[in-house]
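Asker: Fold the following, please.
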Amino acid sequence: MVPERIEWRRAFPRRAVTVFGWYVGVGLALVAGTWVLFGSEPRQIGSGEANPLAYVPLGTAIFVAALAVPVLVALLRRPSVSADHYALTVRPGAVRTLVLPWAHVSEIAGYGLGSESFLLVLCDGSRDHLGDRPRRWDRGCLRSAVWAARRHAGGTGLAAYDLAVRMDEFVGPARAKLVALATYAPGHVLVIDKLA
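Answerer: Just a heads-up that it's a prediction; the model follows:
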């Protein structure tokens, strides 16, 4: 008997930890560099006016900290994929979770591109009020998949899809994850397996 709902179990966030580590390293180097260059600047110049160069290290630290927020959010709010008999629920990145009713999904596909594999979702384009519609900010992973396809295969038409999720963000073999989703997909949803 098929359970009511399936949810892909998340793997350790290697990609997000790596990006965060690189960001922290580069940010600290930038802050240290500005402190070395401008840390000894006096607060006031000879005429008694404020010296703007004295505030460069503090301004750089604030700027680096502000830019760290989206990187940290991506580390904490990770992708998710789940399905039941009503809908496919996907969070492709850190921004929002989309509920895509199966009635509006026309295709799900697993694509292997080099060392990466992606779950791709194609919606039917209907405009009723059921479920969510992927928007530009939901398509960051899809843009990465299109770029990877152009790099590895010379372009394979992945831009026609509406959404993508990296399958290596989750535990288990990619093909097993696709098969698990296919058990919840109704008959009109085309399931494509192009995994390596």
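Asker: Which positions within stretch 124-142 qualify as buried?
Answerer: Going by neighbour count (16 or more other CB atoms under 10 Å), the buried part of stretch 124-142 is 131-132, 134, 138-139, 141-142. For every residue, glycine as well, the C-beta is placed using N, CA and C.
Asker: Just the ones of those in helices?
Answerer: Those of those mapping onto helices are 141-142, per DSSP state H.
Asker: okay, which residue of this protein is out on the far edge from center?
Answerer: No residue in the chain sits farther from the centre than Ser47, which is 51.6 Å out by CA atoms, centre = their mean.
Asker: who's in contact with the closest residue to Val95 other than its chain neighbours?
Answerer: For Val95, ignoring the flanking residues on the chain, the nearest one in space by CB to CB, 6 or more residues apart in numbering is Trp137 at 5.1 Å. By CB atoms under 8 Å, 6 or more residues apart in numbering, Trp137 lies in contact with 93, 95-96.
Asker: And Trp22, how far from Trp147?
Answerer: Using CB to CB, to the nearest Å, we find Trp22 at a distance of 19 Å from Trp147.
Asker: For Ile192, give the beta-bridge partners.
Answerer: Ala109 (DSSP bridges).
Asker: That one reaches Ala109, doesn't it?
Answerer: Yes: contact criterion CB atoms under 8 Å: Ile192 and Ala109 qualify, at 3.8 Å.
Asker: hang on, the earlier thing: out of the contacts of Trp137, grab the one that's most surrounded.
Answerer: For the contacts of Trp137, the largest number of neighbours (other CB atoms under 10 Å) sits with Gly93, at 21 neighbours.
Asker: Not counting sequence-adjacent ones, nearest residue to that one?
Answerer: Nearest residue to Gly93 in three dimensions, chain neighbours excluded: Gly140, at 5.2 Å (CB to CB, 6+ apart).
Asker: So for the one you found, what pLDDT did the model give?
Answerer: Per-residue pLDDT puts Gly140 at 86.
Asker: Please apply the same query to Gly155.
Answerer: 61.
Asker: i'd like the first residue to be 333 from this point on
Answerer: All right, first residue 333 from here; so that's Gly487.
Asker: hey, which helix or strand in the chain has the poorest pLDDT?
Answerer: helix 472-485 (a mean of 83; mean pLDDT, DSSP states H and E).
Asker: For the very next helix or strand once past that one, C-alpha coordinates in CSV please.
Answerer: On the C-terminal side of helix 472-485, the nearest following helix or strand under DSSP states H and E is strand 495-498. Provided in CSV are the C-alpha atoms of strand 495-498 (Å, rounded to 0.1, in the frame of the first residue of the first chain):
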residue,chain,number,x,y,z
LEU,A,495,11.2,24.4,-12.1
ALA,A,496,14.3,22.4,-11.1
VAL,A,497,15.6,21.0,-7.9
ARG,A,498,19.1,19.5,-7.4
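Asker: which SSE is the residue most central in space within the chain in?
Answerer: Centroid check for the chain by CA atoms, centre = their mean gives Gly425 as the closest residue, at 3.2 Å. Using DSSP H and E, no element contains Gly425; it sits outside every helix and strand.
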